[in-house]
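**Q** Okay, sequence plus prediction incoming.
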Amino acid sequence: MKQRVLFVCLGNICRSPSAEAVFNGLIKKEGLQETVECDSAGTSGYHVGDQADQRMQSHAQKRGYNLTSISRQVDPDIDFDKFDWIIGMDDNNVYDLQDMAQKTNDLHKIHKMTDFCSRAGHNSVPDPYYGGSDGFELVLDILEDACEGLLNEIKG
Ligand code: 4NP
């Protein structure tokens, strides 16, 4: 059965749209479009309807990732049924998702992105919004590592 992944951060304009683009790149590279798909959303509604942050877009573009998603908020009534993997970028995202979960089985779907990293050193994807360029590059470094681990996990 097709595996559906939802990447979640706070605003859905920096980290989770990037996770979506990096993961889609891997799915395409491995020809897994029929078996795996992904989307992204935010725990907050601060940026609903917005394109990804321009700084995040330009850092991603340099690595060949096109950020096309438009920010939306997590919809607990739909998303916990629709998605098999619901992946927060940091501990706050994970706590907020756990609060939104309505069924025990929903809780099993929630993970933290860095749990799929194979390179050590990070236990969250840090929010880059109020920082400088290094923060955006770090987000992409961590996401590239984690997306690879996640896809391997899904492939089994
Ligand atoms: P994101 O980054 O959660 O990676 O999309 C943020 C975007 C916006 C805000 C915070 C984090 N904000 O406070 O508006």
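**A** That came in fine, so what should we check first?

**Q** Who are the packing partners of the host helix or strand of Val139?
**A** Element membership of Val139 [criterion: DSSP states H and E] is helix 133-155. Helices and strands touching helix 133-155, by 3 or more C-beta pairs under 8 Å, 6 or more residues apart in numbering; DSSP states H and E, are strand 3-9, helix 15-29, helix 54-62, strand 85-88. C-betas here are computed from N, CA, C, even on glycine.

**Q** next SSE after the last one?
**A** Downstream of strand 85-88, the next assigned helix or strand under DSSP H and E is helix 91-100.

**Q** Tell me the gap between whatever helix or strand comes next after that following helix and the middle of its chain.
**A** Of the helices and strands lying after helix 91-100 in sequence (DSSP H and E), the nearest is helix 104-109. Averaging C-alpha positions (C-alpha atoms, centre = their mean, to the nearest Å) puts helix 104-109 18 Å from its chain's average.

**Q** coming back round to it: mean neighbour count and distance to Asn152 added to the helices and strands packed on helix 133-155, as CSV?
**A** Below are the helices and strands packed on helix 133-155 laid out as CSV (neighbours: other C-beta atoms under 10 Å; distance: least, C-beta to C-beta, whole Å):
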stretch, mean neighbour count, distance to Asn152
strand 3-9, 25, 12
helix 15-29, 24, 10
helix 54-62, 17, 22
strand 85-88, 26, 13
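
**Q** of all those, which lies closest to Glu137?
**A** Taking C-beta to C-beta, helix 54-62 is the member of those nearest to Glu137, at 6.1 Å.

**Q** list the buried ones in the next helix or strand after the closest one?
**A** Sequence-wise, the next helix or strand beyond helix 54-62 is helix 76-82, with elements assigned using DSSP H and E. Buried residues in helix 76-82, defined by neighbour count with 16 or more other C-beta atoms under 10 Å: 79-80.
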